[in-house]
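K.L.:
With the sequence up front, the predicted model follows.
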Amino acid sequence: MLLLGAAVGCATSSEPTPTAPSEPAAVPSAAGAGVRGGPPPSSPFHAEPSFELEPAPDIPARSVVIISMDTVSAPILALYGGLAQTQNLERLAADGVRFADPATHFPETCLSHWTLMSGVLPEVHGNAPAHAGSRYTGPTMAEIAQRAGFSTGAIIGGVTLQDSACGLSRGFDLYDDQFVLDPTDMRRPAADVTTRAVQWMGRQEGPFLLFVHYFDAHFPYTPPSPWDARYDPDYTGNLDGSDATLRPYRDGERTPSARDVSHIEALYAGEISALDESMAPLLEAIPDQAVVVVTADHGESFGHDYWFNHRGVLWDDVMRVPLVIRGLEHPPGTVVDGPVGLVDVARTVLSAAGLPADRRMAGRDLNRVDPSDRPVPQLAITDPWVGSAWFAARAYPSKIMERPEPAGVVAFDLAADAAETEPLSTVDHAALGGGRAVWNEAVASGADDQVEAPVRSVSEDELGQLEALGYVDPTRNQAPPSRSHSGGRLPGKAPGTRHGPPLGPTPSERRR
Ligand SMILES: [Zn+2]
């Protein structure tokens, strides 16, 4: 067994100043449980939840279905002006609300889903992949629903959300995450996920909360026929969507031609259309009165010399995700403009379902707040527990990204330059003033609701699986194994120290 101190993520060089809460070095957010038949490498960590619930809305309880399409970028969807047709999602949007400009806050699976389920920013959870669980004790939607007497179930389609890797099973009566993984496509097939979700839903007699996780759009891009040729039938090049073909590009060793990139995007779009087709029986089986959410944890990068991956950058094709909700108070087919984030989903869904929110939830109730009237910048960070963390503040059309030197700070006018290829000559920090301070304050405010958690260990076998998924960057030197510890501060820049741009006083410093 190896205790991971693996350098992962973006290969941008940097010499950041570690100033923020100490955490174990990043552990890729996936686990080998069920992958090769062996036992899980470690146990998940499940903090005991604490509840500070607000009054519940005075409406009848309604069931909830939350569908996450892992790694689906909004810009690739026809629903958002892109290539991929998703007729079932489009039908849901026609019956409900489509948010025009949603964003993730963290471009990795585990922590992004913790934010989705809890309504607090990802760093509040600590380095959840390293602990195989959140250190935050505030409740998830599942825990609130379970406490209110709802049945709660989750059907998981990818290794990165298996409980032994992420610990997200808190509050679920059923967390169905064990499956045989096909190493060629690294996912539980969507049809299987759908079948299990429909079966579980059919067994419920009272209100329920169901979380469904599809991993089909995640790398590699291997859509079934006819979707493999639907969007680029005339391609005669040598690239396909397999790991074997694309590995040198993902590793930064080669640069694809523009023609090759458009072909790979077409395969990615094909996977998403095929996924949409596979979701149809689930969408049809959901009771009419249920609240339904379809979103994604992050997108995927097809440019900026960062190919076919997501975890190390915050360009718009990674940061922008879809968000469609049926069951809000808006007229059917409403498109809501203005910036929103995954952090807003929990409070919004709980409100629509007649359930109480937790006082500490940072997001807004989008039933009550029009995000175009009171725009709040979208904030995001890449993994802060390795070097080269990025931070972004985005409020269309303004976007600022802080990147470690020598890349530095960069700003864009997205209305004139949606592709983010022409940085503005001057950076108007005031345009998104306070973004970093807001983030810091949110992280600090969550510190009092964190508990200590052990660091999990990862086997060499699991490392191989993670590398295949792109969660270990082989272009970076692997840091030496760190000592197992309980989450306390480690000295200097040893594995376990949070890296990235300065964040100001740490929560522990604030308490002193
Ligand atoms: Zn993901």
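P.N.:
Nice, thanks for sending it over.
K.L.:
Quick check on the closest residue to the ion within the stretch 101-250 of the chain: phi, psi?
P.N.:
For the stretch 101-250 of the chain, the residue closest to the ion is residue 109, as judged by CB to the ion, at 3.1 Å. In this view, the C-beta of every residue, glycine as well, is placed from N, C-alpha and C. The phi and psi values for residue 109, taken as degrees, to the nearest 10, are phi -70, psi -50.
K.L.:
Start the count at 57 instead of 1 going forward.
P.N.:
From this message on, residue numbering opens at 57, which makes the last subject residue 165.
K.L.:
what's the closest non-adjacent residue to it?
P.N.:
residue 216 (3.9 Å; CB to CB, 6 or more residues apart in numbering).
K.L.:
State the three-state secondary structure for the one you found.
P.N.:
At residue 216 the chain is in helix, as set by DSSP: H, G, I helix; E, B strand; the rest coil.
K.L.:
And for it, the neighbour number?
P.N.:
Residues lying near residue 216 (other CB atoms under 10 Å) number 28.
K.L.:
for the stretch 157-306 of the chain, what spans make up the strands?
P.N.:
Taking DSSP state E, counting those that start in this stretch as the test, the strands found in the stretch 157-306 of the chain are 207-211, 230-232, 264-270.
K.L.:
and the ones you listed as TSV, adding mean neighbour count, mean pLDDT and distance to residue 223?
P.N.:
Formatted as TSV, those follow (neighbours: other CB atoms under 10 Å; pLDDT from 0 to 100; distance: least, CB to CB, whole Å):
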stretch	mean neighbour count	mean pLDDT	distance to residue 223
strand 207-211	24	98	12
strand 230-232	19	98	10
strand 264-270	27	98	14
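K.L.:
residue in the stretch 207-356 of the chain nearest to the ion?
P.N.:
residue 353 (4.3 Å).
K.L.:
any idea what sits nearest that residue, other than its immediate chain neighbours?
P.N.:
residue 168 (3.8 Å).
K.L.:
what sits against that neighbour?
P.N.:
Residue 168 sits next to 160-162, 178, 353-354, 398 when contact means CB atoms under 8 Å, 6 or more residues apart in numbering.
K.L.:
now it: how far from residue 160?
P.N.:
Distance from residue 168 to residue 160, counting by CB to CB, to the nearest Å: 5 Å.
K.L.:
what is in contact with these two at once?
P.N.:
With CB under 8 Å, 6+ apart, residue 168 and residue 160 have common neighbours 353-354, 398.
K.L.:
Tell me the one among the residues you listed nearest to residue 206.
P.N.:
residue 398 (21.3 Å; CB to CB).
K.L.:
what's the neighbour count on the nearest residue to the closest one once chain neighbours are set aside?
P.N.:
Spatial nearest neighbour of residue 398, excluding adjacent residues (CB to CB, 6+ apart): residue 172 at 4.8 Å. Residues lying near residue 172 (other CB under 10 Å) number 30.
K.L.:
May I ask you to confirm that residue 172 is in contact with residue 401?
P.N.:
Yes: with contact defined as CB atoms under 8 Å, residue 172 counts as touching residue 401 (5.6 Å).
K.L.:
Common neighbours of those two, please.
P.N.:
Both residue 172 and residue 401 are contacted by 122, 351, under the criterion CB under 8 Å, 6+ apart.
K.L.:
Kindly list the single helix or strand of this structure that scores lowest on mean pLDDT.
P.N.:
helix 563-567 (a mean of 30; mean pLDDT, DSSP states H and E).
K.L.:
Could you dump the strands of the stretch 157-306 of the chain into TSV with distance to residue 240 added?
P.N.:
Shown next, in TSV, are the strands of the stretch 157-306 of the chain (distance: least, CB to CB, whole Å):
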stretch	distance to residue 240
strand 207-211	22
strand 230-232	22
strand 264-270	18
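K.L.:
Need the contact partners of stretch 418-427.
P.N.:
By CB under 8 Å, 6+ apart, the list of residues contacting stretch 418-427 reads 155, 175-177, 381, 384-385, 392-397, 399-404, 407-408, 413, 432, 498.
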